[in-house]
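>>> Give me the fold of what follows.
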Amino acid sequence: MSENRLATANAAAILGAVCGIWMILSGVLFLAFNTAFTDKLVPLDAILEAITLNPALGNVLFIPDAILNFIFAGVEMVGGFFVYTRKYRLGGSLILIISLVSIIVGGGFWVGTLWGVAAGAIAFLCPNLESRIAAETADSS
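Prediction:
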C-alpha cells in the first residue's frame with residue numbers, strides 16, 4: 001500500500017487545488033470588473049456598507065476581497081498538497097476551514113466553497129479507508 005494511493009485521496013487533493021483555482025479566478029474578476037461581481041457575491045461588503053451606512057464603500061472593498069481570495073486560494077492549494085502527500089487530517093482541515101471562512105469574500109463564486117467542503121470531508125475519510133484496505137489485503141494474503 002506504500003506506493004498505491006487511494007482514488008479518494010487523489011480526488012480530495014485535486015478538489016482542493018481546483019477550489020484554489022476558482023478562488024484565483026474570482027479574485028482576478030473582482031479586480032477586473034470592480035463592483036460588478038462583488039455586489040452580489042461578497043456578504044462582507046454588504047455587512048460593512050450597512051454598518052457604516054456608506055453605499056460607496058463597495059467601490060473600495062473589492063481590492064481586499066481580491067487579495068483575500070488569492071491568500072485563501074494559496075492555502076487551499078497547500079491543503080490539497082498535504083492531502084496528496086498523505087497528511088489527510090492536516091490537509092483536510094486546512095481545506096475545510098479555509099473554504100468555510102472564504103464565504104465572507106465570495107468563496108470562488110460559491111463553487112469553490114462547496115467543493116472545498118466536499119474535499120475536506122473526503123480527506124477526513126481517507127485514513128479510515130486506507131486502514132480498512134490494508135487490513136483486508138493482510139487478511140486475504
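>>> How about the helix or strand hosting G20, which residues are buried there?
Here G20 sits within helix 7-33, counting by DSSP states H and E. Of the residues in helix 7-33, 8-9, 11-13, 15-20, 22-27, 29-31 count as buried by neighbour count, 16 or more other Cβ atoms under 10 Å. (Each C-beta comes from the backbone N, C-alpha and C, glycine too.)
>>> which other helices and strands contact it?
Contacts defined by 3 or more Cβ pairs under 8 Å, 6 or more residues apart in numbering; DSSP states H and E place helix 7-33 against helix 35-41, helix 58-84, helix 88-101, helix 111-140.
>>> Tell me which of these lies nearest to L48.
Nearest of the helices and strands packed on helix 7-33 to L48, taken as Cβ to Cβ: helix 58-84 at 6.5 Å.
>>> Quickly note the distance from the nearest residue to F82 once chain neighbours are set aside to A17.
In this structure, F82 finds its nearest non-sequential neighbour in G91, 3.1 Å apart by Cβ to Cβ, 6 or more residues apart in numbering. Using Cβ to Cβ, to the nearest Å, G91 is found at 11 Å from A17.
>>> on that earlier part again, wait, what's in contact with the residue nearest to F82?
Going by Cβ atoms under 8 Å, 6 or more residues apart in numbering, G91 touches A12, A13, G16, G79, G80, F81, F82, V83, Y84, T85, A123.
>>> Take the residues you listed and write them to JSON lines, including distance to S102.
What follows is the contacts of G91, written out as JSON lines (distance: Cβ to Cβ, whole Å):
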{"residue": "A12", "distance to S102": "17"}
{"residue": "A13", "distance to S102": "18"}
{"residue": "G16", "distance to S102": "12"}
{"residue": "G79", "distance to S102": "12"}
{"residue": "G80", "distance to S102": "14"}
{"residue": "F81", "distance to S102": "18"}
{"residue": "F82", "distance to S102": "17"}
{"residue": "V83", "distance to S102": "17"}
{"residue": "Y84", "distance to S102": "21"}
{"residue": "T85", "distance to S102": "23"}
{"residue": "A123", "distance to S102": "17"}
